[in-house]
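Student: turn this into a structure:
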Amino acid sequence: MKKNYILLFVLAGLAIAAGVAYFQSHTSTIADEPLADFAIEDTSKVTKVVITDHLGKMATLERVPGERLWSLNGKLKAREDAINLILKTFNRIRVRGNVSDSSRENMLKLLATSSKRVEIFTGGSEPAKIWYVGTPTPDHTGTVMLLEIPGIGRSEEPYIMHMEGFTGFLSTRFFTNEMEWRYTGIFEYPHLEVSKVRMINHLIPADSWEVRFAGGNALELWSCNAEGVSERKANRFDTLAVKNELLLYKKVHVESFNTQLNPQQSDSLRMMTSAYTLEVIDNSGKTTAIRLHLKPANKAIEDEFGNIIPFDLDYFWGITDDGEVAMAQSYNFSPLLNPISKFSPVY
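Tutor: Predicted coordinates:
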């Protein structure tokens, strides 16, 4: 009996070794194929990415020298998180295996008709590599893709690709919708590089304030009027509460620029007086502002006394410096609207 166990262990070990040897030689053969080398080893050299879907929609993403954010379609800023994700994908993508012989022709047809074309530029007018990103595998742990390298040609073999350190498919990372790619940041001062912050309450002007900041605990709190003109300096105020308010400006984003308002409604909103104005002057003297409008409620909601609340409790309409209308979540913006009395009961 003991000998039988030993024999079983030996056979199992040989089977595992044979499987590993086959896998290594198989993947090694694939890795030797130039048209299976999808990865970009140094993503800092990527200067531009053009994504085109099967309907002809396109997103052009370009690195801007000296800037943190990439440009989107030559006119907007692109989301930093989405850019970082595709750069990480470029670097970590690997071949998981071949498409089976039985599904090869079908996969090639799908890649030809419904794939996303991803052109990766590393300088110059011609892409270094072109990916054709197809459908997920049935287990959703891989993505069928094809590679083209200008000057070498396009692969005749589709491959199942995956990303090291990630379980899932990759096609959703390469989208063409401009609104999805668009950077949504309004205020972003990670090191509090600001000199003035104003909160103007147009509904209750007496609640408005201005903070002047020179670094550390060098703070001044002023009351201001509905036009944002400072009027009176607070003699005593809660320095910690004011500093905590400034810390909120490290990162403030709207939810989306897709408001579902038609042009006439957007124009009408721009002409109206806003409920609040938030304004920041940074250390270079640049002013950034957003105007917040109360958004009518979609359905009737009662307060604790049975009164109908006419405005949406979850969202404001926001209007940027460029006059664009955005959806601004109350969760992000309401903490920025504290009255001056929160910081200085007596001033």
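
Student: please report phi then psi for residue 133.
Tutor: phi -100, psi 120 (degrees, to the nearest 10).

Student: lowest confidence element among the helices and strands of the chain?
Tutor: helix 2-31 (a mean of 48; mean pLDDT, DSSP states H and E).

Student: so which elements touch whatever helix or strand comes next after that helix?
Tutor: As assigned by DSSP states H and E, the chain's next helix or strand after helix 2-31 is strand 48-52. For strand 48-52, the packing partners by 3 or more C-beta pairs under 8 Å, 6 or more residues apart in numbering; DSSP states H and E come out as strand 58-62, strand 116-121. The C-beta positions use only the backbone N, C-alpha and C, and glycine is treated the same way.

Student: and of those, who's closest to residue 232?
Tutor: For the helices and strands packed on strand 48-52, the distance to residue 232 is smallest for strand 58-62, at 48.0 Å, taking C-beta to C-beta.

Student: okay, buried residues for the closest one please.
Tutor: 59, 60, 61, 62 (16 or more other C-beta atoms under 10 Å).

Student: dump the helices and strands packed on strand 48-52 into a markdown table; add mean pLDDT as well.
Tutor: Below are those laid out as a markdown table (pLDDT from 0 to 100):
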| stretch | mean pLDDT |
| --- | --- |
| strand 58-62 | 98 |
| strand 116-121 | 98 |
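
Student: just tell me which of those strands ends up closest to residue 280.
Tutor: So among the helices and strands packed on strand 48-52, strand 58-62 is nearest, using C-beta to C-beta, at 27.2 Å.

Student: ok, the closest one: who's next to it in the sheet?
Tutor: Its sheet considered, strand 58-62 pairs with strand 48-52 (antiparallel), strand 71-72 (antiparallel) by DSSP bridges.

Student: tell me which of the ones you listed sits nearest to residue 297.
Tutor: Across the strands paired with strand 58-62, closest to residue 297 is strand 71-72 (C-beta to C-beta), at 33.0 Å.

Student: name the element residue 127 belongs to?
Tutor: Residue 127 belongs to no helix or strand, assigned by DSSP H and E.

Student: so what's residue 148 up against?
Tutor: 35, 129, 130, 131, 132, 154, 155 (C-beta atoms under 8 Å, 6 or more residues apart in numbering).

Student: possible to save those as JSON lines with neighbour count?
Tutor: Listed next are these as JSON lines, based on neighbours: other C-beta atoms under 10 Å:
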{"residue": "35", "neighbour count": "17"}
{"residue": "129", "neighbour count": "20"}
{"residue": "130", "neighbour count": "17"}
{"residue": "131", "neighbour count": "26"}
{"residue": "132", "neighbour count": "20"}
{"residue": "154", "neighbour count": "12"}
{"residue": "155", "neighbour count": "18"}
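
Student: just checking, residue 113 touches residue 54?
Tutor: Yes. At 6.4 Å, residue 113 and residue 54 qualify as touching, with contact defined as C-beta atoms under 8 Å.

Student: which one of these two has more residues nearby?
Tutor: residue 54 (14 against 9; other C-beta atoms under 10 Å).

Student: now the strands for the stretch 151-300 of the chain?
Tutor: 153-154, 159-163, 185-187, 194-201, 209-213, 219-224, 230-233, 252-253, 276-282, 287-302 (DSSP state E, counting those that start in this stretch).
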